[in-house]
Structures are given as structure tokens and as C-alpha cells.
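Trainee: Only the shape, not the letters, is given here:
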């Protein structure tokens, strides 16, 4: 999924779904975006200087994407952050150390939930750019039958459903807000 989709859905779930609060919603969105930070840094590292030096025409897209996501200086970090191993270990530690007592606004918990949700969603929506789910313990990968972008694997349909759900969520939240605002106006003397 796109980074903004991960962040949006985690924010909506934390803040409005389970009503964990504004801070939890923001932390969830940040956690859901966290695994893509190495890719964003890699894109800036490779694309910025190359574009300024040569323009778009000199870039080989496949080599560029390989460098950004896998082989470049940020690829290993991206693999770690897209693995379920570190985030599940941190969630287990959160529970074992009973950090919920200290994390009253559930900021750390929702950061970790967002991170784990990103890993799971990418596992289910990546076909030809998969990362090992249990890295560094295993190099095993699975190619999903559905891609979030590749039209040969339902990418267009996924895009429509994904963005349609985002739009429906926004509309539902706006309607709920208008109803709350309308109710308080009607109750005023």
C-alpha cells in the first residue's frame, strides 16, 4: 500500500475506531509510515542528485528501484522495518514489561500497532517487490496474488477499493462531526 494509506487507516482506527485519542492516532499514523522511511530516504538519495545532474531521461527505472528498495544503503534497513520479527518482539516486550501502565495515552502501543499493520498490509499487497516477512531469521518470501500498484495483479482494482475506502471513511467522519455539531446547536437555548 502507499505510505499515506497505511498512515490514514491506522490513524482512523486508533482515533475514531477504538477511540484511543488524538495522540494514539498520530502515533499510529507515524508507526504505520515508519517502515517506508528508508525508501523515502533512498529516493531522495538517488533521485534528487541524479535529477539535478541529468534529468529524468538518464535514469534506468529498474536499477533505480532496486537501489532504493533493496541493494542501496537503505535497503537493509527497509528489510528490517518490513519484517514482522522486530515489531512482534517489541510488542511482546511491551506486554511482558507491562508498559501499558506507563503508556497511559497508548502512544507507544499504537506506534507499534501501526508498524505491525504496515508489515501485514504490505505482505498481503506486494507481488514482485516482496520482502522477507521473518527477516533476519528467514529469507522466506511470499508473492501475494494482489498488488497495490501492478495492474497485472489487480492493481487498478486495489487502488479503487483502497481510495474508495479512504473517501468513505472521510465522508463518514465528516457526517459524524456535522451530527455532533448539529446536536449541540439544537440543544442550546
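Mentor: Here it is on my side, so go on. Note that this is a predicted model, so its numbers are computed, not measured.
Trainee: what about the host helix or strand of residue 117, distance to the chain center?
Mentor: Secondary-structure element containing residue 117, defined by DSSP states H and E: helix 107-125. Taking C-alpha atoms, centre = their mean, to the nearest Å, one finds helix 107-125 lying 7 Å from the centre of the chain it belongs to.
Trainee: what's that helix packed up against?
Mentor: Of the remaining helices and strands, those touching helix 107-125 by 3 or more C-beta pairs under 8 Å, 6 or more residues apart in numbering; DSSP states H and E are helix 3-11, helix 22-33, helix 84-96. Any C-beta I mention is one placed from the backbone N, CA and C, and that applies to glycine too.
Trainee: Could you list the buried residues of whichever helix or strand comes after that helix?
Mentor: Scanning forward in sequence from helix 107-125, with DSSP H and E defining helices and strands, the next element found is helix 155-187. By neighbour count with 16 or more other C-beta atoms under 10 Å, helix 155-187 contains the buried residues 155, 158, 159, 162, 166, 169.
Trainee: residues in contact with the fourth one?
Mentor: For residue 162, the contacting residues are 1, 2, 5, 148, taking C-beta atoms under 8 Å, 6 or more residues apart in numbering as the criterion.
Trainee: could you dump the helices and strands packed on helix 107-125 to CSV with mean pLDDT, mean neighbour count and distance to residue 68?
Mentor: Conversion of these to CSV gives the following (pLDDT from 0 to 100; neighbours: other C-beta atoms under 10 Å; distance: least, C-beta to C-beta, whole Å):
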stretch, mean pLDDT, mean neighbour count, distance to residue 68
helix 3-11, 97, 21, 13
helix 22-33, 97, 23, 16
helix 84-96, 97, 15, 21
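Trainee: want to try JSON lines for those, with distance to residue 142 as columns?
Mentor: Compiled in JSON lines, the helices and strands packed on helix 107-125 are given as follows (distance: least, C-beta to C-beta, whole Å):
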{"stretch": "helix 3-11", "distance to residue 142": "19"}
{"stretch": "helix 22-33", "distance to residue 142": "21"}
{"stretch": "helix 84-96", "distance to residue 142": "12"}
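Trainee: Understood, closing this out.
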